[in-house]
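# Sequence and predicted model, in that order:
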Amino acid sequence: MTITHRRAVDRVRSAAAADRRDDLFEQRTRPRPYDVTAEDAHRSLEAHRVRKALQQLTDTQREAVELAYLGGYTHTEVGQLLDLPLGTAKTRIRDGLIRLRDTMGVER
């Protein structure tokens, strides 16, 4: 009885391992729904455009925008970090974003 039980457990484990191998093989060999290389190139070009546009901002605008969008800080935290009132921090971020939009030629 013990031998029969162990053989049954072995067969169940073997079947489960075969299923996992099949799933893993399918995931690795499945064609991508898009061209990864082209996507990476596009992302790199966009990052270059954004960096170039950031250089067109004033130092105060660039610092506020970088803290808010690249640093992940809230408007309140940006104001505290820059030792500014909240309204001033918001204005600098908004003005920086408007200037970025205009520099990059994005439509409203």
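In hand now; what should we look at? Residues are numbered from 1 along each chain as shown.
# rest of the way, CA atoms for contacts and neighbours
Will do.
# elements contacting the lowest-mean-pLDDT helix or strand in the chain?
When each helix and strand of the chain is scored by mean pLDDT, DSSP states H and E, helix 36-54 comes last, with a mean of 87. Contacts defined by 3 or more CA pairs under 8 Å, 6 or more residues apart in numbering; DSSP states H and E place helix 36-54 against helix 86-104.
# one step back: buried ones in whichever helix or strand comes after the least confident helix or strand of the chain, by neighbour count?
Remark: after helix 36-54, the chain's next helix or strand is helix 59-65, criterion DSSP states H and E. Residues of helix 59-65 classed as buried: 61-65 (neighbour count, 16 or more other CA atoms under 10 Å).
# and which of these is nearest A17?
When the buried residues of helix 59-65 are compared for distance to A17 (CA to CA), V65 wins out at 50.7 Å.
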